[in-house]
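S.K.: Quick one, fold the following:
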Amino acid sequence: MDTKVTLSFNKEVVLKAKDYAASQNISLSRLVEFLLNKTISGQYSSLEDYPIASWVQEISEGPGEYITRKKTRKEMKDEYFNSRKK
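M.R.: Residues are numbered from 1 along each chain as shown. Below you'll find the model as predicted:
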């Protein structure tokens, strides 16, 4: 059974990841699920041990940016419907 999760990423990262997923004939959701499965498989003792493709390293370099402002119900609704239009 699939479960929905809301994640926030830099827009450029999402665009590059969508392009990559499309080139592999999978959805972005399945790509993220695949990467998470690899990560939690127990084969690697740390993230440094995990063999990540160069495109992932390129788009993930730099410090993470955490936005903690709580979104309004209207903002979340608009974001959801806008994401479905594409």
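
S.K.: what about the spatially most central residue of the chain, helix or strand, and which?
M.R.: Note on the chain: the residue nearest the mean C-alpha position is Val32, at 5.6 Å, using Cα atoms, centre = their mean. Here Val32, judged by DSSP states H and E, is contained in helix 28-40.

S.K.: for Asn82, same thing?
M.R.: Per DSSP H and E: helix 73-85 holds Asn82.

S.K.: elements contacting that helix?
M.R.: The contact analysis (3 or more Cβ pairs under 8 Å, 6 or more residues apart in numbering; DSSP states H and E) places helix 73-85 against no helix or strand. Where C-beta positions appear, they are placed from N, C-alpha and C, glycine not excepted.

S.K.: How far away from the center of its chain is that helix?
M.R.: 18 Å (Cα atoms, centre = their mean, to the nearest Å).

S.K.: OK, contacts around the residue of the chain most remote from its centre?
M.R.: Relative to the centre of the chain, the most outlying C-alpha is that of Lys74, 23.1 Å out, by Cα atoms, centre = their mean. By Cβ atoms under 8 Å, 6 or more residues apart in numbering, Lys74 lies in contact with nothing.

S.K.: Distance of Tyr80 relative to Asp2?
M.R.: 17 Å (Cβ to Cβ, to the nearest Å).

S.K.: just Tyr20 next, same as before
M.R.: 21 Å.

S.K.: Ser41 too?
M.R.: Counting by Cβ to Cβ - Ser41 and Asp2 are separated by 19 Å.
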